[in-house]
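Visitor: Sharing a model that was predicted from the sequence below.
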Amino acid sequence: MNWLKRLLVCLCLWAGPASAGCEGPPSFQFDQRIPDGERAKLRRWLGEAAQTVAELAGQHPVRCARIRVYDGGRGRGAVPWAQIDRGAAEGIRFYVDYRLPLHSLRSDWTAMHEFSHLLIPFPGNDQPWFSEGLASYLQYLLMARAGILSSDEAMKRLDRGFRRGVEDDDHGAIALEELSRDMWRRHAYRRVYWSGAAYFLAVDTELRRSGKGSLTQVLAQFVACCRQQSRHWTVDSLVQVFDRLSGTTLFADTKAALMPRTGFPDLSRPYEYLGLVQTGHGVRLKAGSPWRERRQRLVADVAIGRRRISTAGTKKGSCAPLASLFPWGLTEVGHLFVQVIGQLLQLDGTVGGLRRGVAGHAIKIAD
Ligand SMILES: [Zn+2]
């Protein structure tokens, strides 16, 4: 049997992880219905979102993420649909209206939202408040970081998101923990997404207030140490690691306070820190120090150890040219083959870190 095990080891080395041999930038695949003349524009738009997230994290959170772009039809917005692909080859599927000009595509938040999802591994379907909250919290801050919005406009959009969460009050006195589990059946998207975003705003501002860094720094450290680990992640295990990286218990403490809440989270403390004053119809931004600087830092925070991020398309060594030879991609063919052999030999399913969660999600809530 030794020769078989040796063969398996070789296949593992050949097959994975899925990012092996990739240098970082995402690879793009286009629906045949999207004309060649439109693809450079789409690459530029989505490449900008990938780069902005990579600059926040200090590197691409998923090396050689596979970005598939489909025709989403005309007149339904820039991105009527998007889906995160988990599993052996992580990536994102975008259904877009490729006919729109670049400035219209850039002004849509979906690309920043979806690329933010890649910062953390899939933590399971039962607590979407965490992954959706992170992506919703970051989407406007990333647009400001990319220069699409001003930092003040990002704050106003964030506030409008929280208001949508508050207004989504058709769910009775149900604690967030239960509402999040039941989100799909109850269509409680806005309440769950924006409660999660309020959690990350609370933790981020508290980290800053106490001089313990920021969410950006925690995410950058997480991407560097742990993002590519082949292990089963849950919200609790992510919170535990985030606390360890920040040297606090803020992530766990804030979660413990939030989960039993039946109403929308209280924003008064983070708003006070950022100089945001809620008015009848929106939010007023206090002028002067220290509020303006705090808001600008929230947008322009630089990750520790940040380095230059390459987004110059697919380079030598990236997986795209090889993957294009196979309908499922080379690495997935390898993984599948090893898994089949492993099953036949009744080997541990974690050989070579091959057992990965396969899940995706697709949701687009109204802006
Ligand atoms: Zn999402």
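Guide: That came through fine.

Visitor: so where's the stretch 1-150 of the chain uncertain?
Guide: In the predicted model of the stretch 1-150 of the chain, residues 1-23 satisfy pLDDT under 70.

Visitor: residues from it in reach of the ion?
Guide: Glu132, Ala135 (CB under 5 Å from the ion). No exception for glycine: its C-beta is placed from N, CA and C like everyone else's.

Visitor: please redo it, this time with the cut-off set to 6 Å
Guide: Within the stretch 1-150 of the chain, the residues that sit near the ion (CB under 6 Å from the ion) are His113, His117, Glu132, Ala135.

Visitor: tell me which element the last one falls in.
Guide: This points to Ala135. Using DSSP states H and E, Ala135 maps to helix 128-145.

Visitor: What strand or helix carries the residue of the stretch 151-300 of the chain at minimum distance from the ion?
Guide: Residue nearest to the ion within the stretch 151-300 of the chain: Tyr193 (7.5 Å; CB to the ion). Tyr193 belongs to helix 189-209 when assigned by DSSP H and E.

Visitor: For that helix, buried residues please.
Guide: By neighbour count with 16 or more other CB atoms under 10 Å, helix 189-209 contains the buried residues 189-208.

Visitor: For the nearest residue to Ser150 once chain neighbours are set aside, give its distance to Gly172.
Guide: Spatial nearest neighbour of Ser150, excluding adjacent residues (CB to CB, 6 or more residues apart in numbering): Ala144 at 6.5 Å. The gap separating Ala144 from Gly172 is 36 Å, by CB to CB, to the nearest Å.

Visitor: Which parts of the chain are strands?
Guide: 27-30, 66-71, 81-85, 91-96, 276-278, 283-285, 360-362 (DSSP state E).

Visitor: Out of the ones you listed, which is the most enclosed?
Guide: strand 91-96 (a mean of 24; mean count of other CB atoms under 10 Å).

Visitor: which other residues reach that strand?
Guide: Outside strand 91-96, the residues within contact range by CB atoms under 8 Å, 6 or more residues apart in numbering are 26, 42, 46, 62, 65-73, 78-85, 105, 110-111, 114-115, 117-118, 362.

Visitor: mind redoing it with 7 Å?
Guide: Contact with strand 91-96 is made by 42, 46, 65-70, 72, 78-85, 114, as judged by CB atoms under 7 Å, 6 or more residues apart in numbering.

Visitor: one step back: for the helix holding Tyr193, C-alpha coordinates in CSV please.
Guide: The C-alpha trace of helix 189-209 is given here as CSV (Å, rounded to 0.1, in the frame of the first residue of the first chain):
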residue,chain,number,x,y,z
TYR,A,189,-32.4,40.3,5.5
ARG,A,190,-32.1,44.0,6.3
ARG,A,191,-32.5,43.5,10.1
VAL,A,192,-29.9,40.7,10.1
TYR,A,193,-27.4,42.3,7.7
TRP,A,194,-27.4,45.6,9.3
SER,A,195,-27.4,44.3,12.9
GLY,A,196,-24.2,42.5,11.9
ALA,A,197,-22.8,45.7,10.4
ALA,A,198,-23.6,47.5,13.7
TYR,A,199,-21.7,44.8,15.5
PHE,A,200,-18.6,45.4,13.4
LEU,A,201,-18.9,49.2,13.7
ALA,A,202,-19.2,48.8,17.5
VAL,A,203,-16.1,46.5,17.7
ASP,A,204,-14.1,48.6,15.3
THR,A,205,-14.7,51.9,17.1
GLU,A,206,-14.1,50.3,20.5
LEU,A,207,-10.8,48.9,19.4
ARG,A,208,-9.8,52.4,18.2
ARG,A,209,-11.1,54.1,21.3
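
Visitor: which ones are touching Gly124?
Guide: Contacts of Gly124 by CB under 7 Å, 6+ apart are Thr234.

Visitor: picking that back up, what lies in contact with the helix holding Ala135?
Guide: Contacts of helix 128-145 (CB under 7 Å, 6+ apart): 52-53, 56, 109, 112-113, 116-117, 119-120, 123, 149-151, 154, 157-158, 161, 176, 180, 183, 192-197, 199-201, 235, 298-300.

Visitor: filter those to the buried ones?
Guide: Using 16+ other CB under 10 Å, the buried members of the contacts of helix 128-145 are 52-53, 56, 109, 112-113, 116-117, 119-120, 123, 149, 151, 154, 157-158, 161, 176, 180, 183, 192-197, 199-201, 235, 298-299.

Visitor: Can you list which of the residues you listed are found in helices?
Guide: Residues of those located in helices (DSSP state H): 52-53, 56, 112-113, 116-117, 151, 154, 157-158, 161, 176, 180, 183, 192-197, 199-201, 235, 298-299.

Visitor: ok so, going back, the helix holding Tyr193: how far from the chain's middle?
Guide: 15 Å (CA atoms, centre = their mean, to the nearest Å).

Visitor: Which strands and helices lie in contact with it?
Guide: Helix 189-209 sits against helix 128-145, helix 151-167, helix 176-181, helix 215-225, helix 250-258, helix 268-274, with contacts defined as 3 or more CB pairs under 7 Å, 6 or more residues apart in numbering; DSSP states H and E.

Visitor: and with 6 Å instead?
Guide: Helix 189-209 is packed against helix 128-145, helix 151-167, helix 250-258, helix 268-274, with contacts defined by 3 or more CB pairs under 6 Å, 6 or more residues apart in numbering; DSSP states H and E.

Visitor: model confidence over it, on average?
Guide: Helix 189-209 carries an average pLDDT of 97.

Visitor: what's the angle between it and helix 128-145?
Guide: Relative orientation of helix 189-209 and helix 128-145, computed by axes from the mean of the first three to the mean of the last three CA atoms, to 10 degrees: 70 degrees.
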